[in-house]
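Undergrad: Predicted model and sequence below, questions to follow.
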Amino acid sequence: MLILKELHYRLFPKNCNFVPGPMNSSPEHLELVLASPRGFCAGVDRAITIVERAVEQYGPPIYVRHEIVHNPHVVNRLRERGVIFVEDIEEVPKGAHAIYSAHGVSPAIREKATSRKLQVLDATCPLVTKVHGEAKRYARKNYTIVLVGHRDHVEVEGTVGEAPKRTVVVSSLEEVEGLEVTDATKVSYLTQTTLSLDDTAEIVAALRKRFPQIEGPAKDDICYATQNRQNAVKALAQEVDLVLIVGAANSSNTLRLVEVAQAAGVAAERIESAEQVRPEWLKSLRCVGITAGASAPEDIVQGIVSKLQSLVESSAVRTLELVQEDVTFALPAVLRA
């Protein structure tokens, strides 16, 4: 019996109120801990609102270059309202209403939109716009711009487009070691806004070691919401046996949350809906944490909570609040009520 108690102590943190049950069975009682903050950030909320207001004001169809945010629920709901998503801006009929996604676009895409006389609304997150501005500033100074990020991510593509001849993308310490620049005294770095805080810090430290005179942004490029959600997951990992991260497979910030949870030593699963909840995950568990990427709707989170509750005899739900967010971004003037 002492061995069983010791095993339960290791499996179930002290903050989980559990009643020991048979191993390898679903729990009779389950505690659910919801991370806060989670889900929509100010940039995502602004982008979705821009699309919704555009549909109301101009009527469908409204064209959006790329997914407005990386979440299938959001995209499908907007499609039902007459929104058409395209990857190539030249797919948009001349003179039509078009919206740039929250991830931003390159100057080349803006030029194409102008040539097609598109009526453009820009839903780029202001924090991404800030990074674009930094890229242009360093390019004017003839600096090599080292952009820390994922090459195939649409946000990185847009930032690189601001200074394609001066920008090099790195995503690992190995790539930092292999960097070659024309002038080591004129090097700068920027970062994608949705990266892992810890991984990025390591890469920036390596850049500073290789290029002691490197310049960077006055304020961290990784957005406040990314930082807050990653810190909340670290706190959550100390209290639960499993963390469920709600978000899409192409959501960078969601994937980073999975990595952060696993690095903190807790099991983590990414899911997109209640239908993906697997009852076997709950075997021998008494405490499950839930968070959501910055583009995941709250109603999807609540659906997952309900699904988990349906799998056990009793449950309790509490919130682990790390910080309150009160950031908002203004809509384009033409859409303000």
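TA: Structure's in. What do you need? Numbers count the residues shown, from 1 in each chain.

Undergrad: Point out where the stretch 201-337 of the chain drops to low pLDDT.
TA: Within the stretch 201-337 of the chain, the segments meeting pLDDT under 70 span 337.

Undergrad: Please, where are all the strands along it?
TA: Secondary structure of the stretch 201-337 of the chain, counting by DSSP state E, counting those that start in this stretch: strands at 242-246, 267-271, 287-292, 314-321.

Undergrad: what does the stretch 1-150 of the chain give?
TA: For the stretch 1-150 of the chain, applying DSSP E, counting those that start in this stretch gives strands covering 29-36, 62-65, 83-86, 97-100, 119-122, 144-148.

Undergrad: packing partners for the second one?
TA: With contacts taken as 3 or more Cβ pairs under 8 Å, 6 or more residues apart in numbering; DSSP states H and E, strand 62-65 sits against helix 42-58, strand 83-86, strand 97-100. C-beta here means a position set from N, CA and C on the backbone, and glycine is covered the same way.

Undergrad: go on, the last one?
TA: Contact analysis of strand 144-148 by 3+ Cβ pairs under 8 Å, 6+ apart lists helix 126-140, helix 154-160, strand 167-170, strand 187-191, helix 197-210 as its packing neighbours.

Undergrad: at 10 Å what do you get?
TA: helix 126-140, helix 154-160, strand 167-170, helix 173-177, strand 187-191, helix 197-210 (3 or more Cβ pairs under 10 Å, 6 or more residues apart in numbering; DSSP states H and E).

Undergrad: Now do it against strand 187-191, angle only.
TA: Per axes from the mean of the first three to the mean of the last three Cα atoms, to 10 degrees, the angle that strand 144-148 makes with strand 187-191 is 30 degrees.

Undergrad: now strand 144-148 and helix 197-210, what's the angle there?
TA: Interaxial angle, strand 144-148 versus helix 197-210 (the same axes, to 10 degrees): 150 degrees.

Undergrad: ok, back up a step: determine which of the strands of the stretch 1-150 of the chain approaches Arg77 most closely.
TA: Across the strands of the stretch 1-150 of the chain, Arg77 has its closest neighbour in strand 83-86 (9.0 Å, Cβ to Cβ).

Undergrad: Looking at the closest one now, give me its mean pLDDT.
TA: Mean pLDDT, computed over strand 83-86, is 98.

Undergrad: Dump that strand to PDB, restricted to CA.
TA: This file holds the C-alpha atoms of strand 83-86, laid out as PDB (Å, rounded to 0.1, in the frame of the first residue of the first chain):
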ATOM      1  CA  VAL A  83     -15.400  34.800 -47.200                       C
ATOM      2  CA  ILE A  84     -13.100  33.400 -49.900                       C
ATOM      3  CA  PHE A  85      -9.500  32.500 -48.900                       C
ATOM      4  CA  VAL A  86      -6.800  32.600 -51.500                       C
END
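
Undergrad: what residues go with each domain of the protein?
TA: Following automatic domain parsing, the chain resolves into domains at 10-40+224-321, 42-125, 127-221.

Undergrad: so which of the helices and strands packed on strand 144-148 comes closest to Ile109?
TA: The stretch from the helices and strands packed on strand 144-148 with the least distance to Ile109 (Cβ to Cβ) is helix 154-160; that distance is 7.9 Å.

Undergrad: So which elements touch the closest one?
TA: Judged by 3+ Cβ pairs under 10 Å, 6+ apart, helix 154-160 is in contact with helix 107-115, helix 126-140, strand 144-148, strand 167-170, strand 187-191, helix 252-263.

Undergrad: what is the mean pLDDT for the longest one?
TA: In this model, helix 126-140 has a mean pLDDT of 97.

Undergrad: Give me the buried positions along it.
TA: Neighbour counts over helix 126-140 (16 or more other Cβ atoms under 10 Å) mark 127-128, 130-132, 134-135, 137-139 as buried.

Undergrad: Farthest-apart pair in these, please.
TA: Pairwise across the buried residues of helix 126-140, and taking Cβ to Cβ, the largest span is found between Leu127 and Ala139, at 19.4 Å.

Undergrad: For Glu269, list the residues it contacts.
TA: By Cβ atoms under 10 Å, 6 or more residues apart in numbering, the contact list for Glu269 reads 242-245, 258, 261, 276-278, 281, 288.

Undergrad: Now for Val181, how many residues are close by?
TA: 15 (other Cβ atoms under 10 Å).

Undergrad: What's the local residue count around the nearest residue to Glu313 once chain neighbours are set aside?
TA: Setting aside the residues directly before and after it, Glu313 is nearest to Glu28 in space (Cβ to Cβ, 6 or more residues apart in numbering), at 4.7 Å. Residues near Glu28, counting by other Cβ under 10 Å, number 15.

Undergrad: Could you report the distance from Glu28 to Glu180?
TA: Note on Glu28: its distance to Glu180, by Cβ to Cβ, to the nearest Å, is 61 Å.

Undergrad: And Glu91, by the same measure?
TA: The spacing between Glu91 and Glu180, counted by Cβ to Cβ, is 38 Å.

Undergrad: Check Asp45 too.
TA: According to Cβ to Cβ, Asp45 stands 42 Å off from Glu180.

Undergrad: ok, these two, which is more surrounded?
TA: When neighbours are counted by other Cβ under 10 Å, Asp45 and Glu180 differ, and Asp45 comes out ahead with 18 against 7.
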